[in-house]
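1. Need a 3D model of the sequence below.
(one chain, ligands or ions: 1)
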Amino acid sequence: MSAPVDAYARLVRQGPGAALARRLGAPRPTALRRWEAGADLLTGPALVLGIGAAPLAADVSRWLAAAGARLADAEAATDDRFGAVVLDASAVRTTADLAAVREPLAPAFRRLAANGRVLVLGALVADTTTVEAAAVQQALEGLVRTLGKEARAGATVNLLRVGEGAGEALRGPLEFLASARSAFVSGQVLEVGPARGGDAARASAGPRTAVVTGAAQGIGAAVAEVLARSGTHVVCVDLAAQGEQLARVANRVGGSALHLDITAASAPAALAEHLLRRHGGADVVVHNAGITRDRSFVNLDEAGWASVLEVNLRAPLRLTEGLLAREGALRPQARVVQLSSINGIAGAKGQANYAASKAGVIGMVRALDARLAASGGAASAVAPGFVETAMTARMPLLPREVGRRASSLQQGGLPVDVAEAVAFLAGPAAAGISGQVLRVCGQNLLGA
Ligand SMILES: NC(=O)c1ccc[n+]([C@@H]2O[C@H](COP(=O)([O-])OP(=O)(O)OC[C@H]3O[C@@H](n4cnc5c(N)ncnc54)[C@H](O)[C@@H]3O)[C@@H](O)[C@H]2O)c1
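-> Numbers count the residues shown, from 1 in each chain. All right, here's what the predicted structure looks like:
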């Protein structure tokens, strides 16, 4: 089944549809700017602001300029709309500091370009030493989440909490969130610490190998494509019944296809053997395969409950154990990225099985991350919101429409949006990020 088309979004983008939607105050989702080879990082100049000592501002300006961004001057009389506004609030420690945030940020926010980016840099709450400092650093989260909801025309607003000693590790997350690769990430908070594992060692280790489960279609196929962009060999895994589609994806990305039912008793050993023998181990594992069997909890039969837990949670657990148990199947500094879901965070009517499995994935990632740390590896999860795939095409019309509009960006994401986040977390740019859950949901207005 192919992914549905968001006919409403197309209708209200121009002509009489746009005029009518404006008059009714109905949602008018902006076409999001996404990654294109050779395109500029930003749609306009970058304005870097700071509160107090603002210890990160100079590095941020240097990194943005090195990535091709033009730096703006807040005082200059120009009609330029900012492609990005970065506020270094990492030195905010008192309520007076917090009050000082509004004055530079409000006028800059007003001058944000379509598809612009606001990035607030805070400190890790755990690094603060007074109750007041912890309070005002936490306050930045409320500010960012609100600006995400007030931002217009495809603009996004995110918070990076920067740990002591993060240094260069901030650069990758900063560039990811400033770029078109994070088109569907808004209202989110990521913590950045010092780089784990030697990045230089990883970079010099030559081309990488990644395994992606459920790669025949949807998000998995997009993950394979985005990973292959950087020269990674992708082992595309899916059911034998998906053979033809899987072969097409594998060929398109210059990878290889592996037919495997991830729930089979033999799957962990078979995957470990394949990775070791054919590729000398994997650097990246993406547990993406997943299913839904929606029913209210009381009407859910044993098979509907067990099958979802089996595919979405038990199989990734067993596969990972199998890879860890076989020496060399995971290379040093390996990254594991799991597909969770916002429904695993907030719960969802009719999805007790799915929500339990996807919350379980979050627990798995946190514990696994601690285990991988010893070899310089890391585990993280991506929690998509409503994404236009065969899975959401199966939803009844009304919940599907609600799912699309119930986000700050007023539209569903595309598989590539999730794939960009997965590839970011799987790559060297995320060396300072581990054990976290990144929501890719257009700031879905969920009830968690
Ligand atoms: N689409 C969304 O809106 C959305 C939202 C949140 C989370 N997710 C998660 O993202 C992931 C991908 O979702 P999608 O929408 O692309 O799904 P999809 O149904 O389009 O594709 C899932 C793939 O997994 C494969 N698969 C299923 N069972 C398998 C098994 N036992 N062994 C091997 N492969 C198997 C399927 O054959 C299919 O190719 C899933 O984990 C899903 O729960 C999706």
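2. In this structure, what helix or strand scores lowest on average pLDDT?
-> Lowest on mean pLDDT, DSSP states H and E among the helices and strands of the chain sits helix 199-204, with a mean of 48.
3. How far away from the center of its chain is stretch 225-237?
-> Remark: stretch 225-237 is offset 17 Å from the chain centroid, using C-alpha atoms, centre = their mean, to the nearest Å.
4. What parts of the chain come near the ligand?
-> By the rule C-beta under 6 Å from any ligand atom, the part of the chain lying against the ligand is 213-214, 216-220, 238-239, 242, 261-263, 288-291, 311, 339, 341, 384, 386-387, 389-392. Every C-beta, even on glycine, is put in place using the N, C-alpha and C of the backbone.
5. What's the local residue count around whatever residue of the stretch 51-200 of the chain ends up closest to the ligand?
-> Among the residues of the stretch 51-200 of the chain, residue 184 lies nearest to the ligand; the distance is 11.0 Å by C-beta to the nearest ligand atom. Number of residues near residue 184 (other C-beta atoms under 10 Å) recorded here: 30.
6. how near is it to residue 425?
-> The spacing between residue 184 and residue 425, counted by C-beta to C-beta, to the nearest Å, is 15 Å.
7. Pairing partners for residue 161 in the sheet, please.
-> The residues paired with residue 161 through beta bridges, assigned by DSSP bridges, are residue 122, residue 191.
8. so what's it up against?
-> Residues in contact with residue 161, defined by C-beta atoms under 8 Å, 6 or more residues apart in numbering, are 122, 123, 124, 125, 137, 189, 190, 191, 192.
9. I figured the fifth one hits residue 122, correct?
-> Yes. Shown here, residue 137 and residue 122 form a contact pair, counting by C-beta atoms under 8 Å, at 5.3 Å.
10. who touches both of the two?
-> Between them, residue 137 and residue 122 have 92, 161 as joint contacts when contacts are counted by C-beta under 8 Å, 6+ apart.
11. buried set for stretch 141-157?
-> Of the residues in stretch 141-157, those scored as buried under the neighbour-count criterion (16 or more other C-beta atoms under 10 Å) are 141, 143, 144, 145, 147, 148, 151, 153, 154, 155, 156, 157.
12. One more: stretch 156-168?
-> The neighbour-count check on stretch 156-168 (16+ other C-beta under 10 Å) flags 156, 157, 158, 159, 160, 161, 162, 163, 166, 167 as buried.
13. ok, the last one - contacts?
-> Shown in contact with residue 167 (C-beta under 8 Å, 6+ apart): 194, 195.
14. ok, now how distant is the residue nearest to residue 349 when sequence neighbours are not counted from the ligand?
-> Residue nearest to residue 349 in three dimensions, not counting chain neighbours: residue 296, with 7.3 Å by C-beta to C-beta, 6 or more residues apart in numbering. Relative to the ligand, residue 296 is positioned 19 Å away (criterion: C-beta to the nearest ligand atom, to the nearest Å).
15. May I have the residues that are in contact with residue 296?
-> Residue 296 sits next to 349, 350, 352 when contact means C-beta under 8 Å, 6+ apart.
16. could you dump those residues to JSON lines with pLDDT and neighbour count?
-> Supplementary listing: the contacts of residue 296 in JSON lines, determined by pLDDT from 0 to 100; neighbours: other C-beta atoms under 10 Å:
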{"residue": "349", "pLDDT": "91", "neighbour count": "11"}
{"residue": "350", "pLDDT": "93", "neighbour count": "17"}
{"residue": "352", "pLDDT": "97", "neighbour count": "19"}
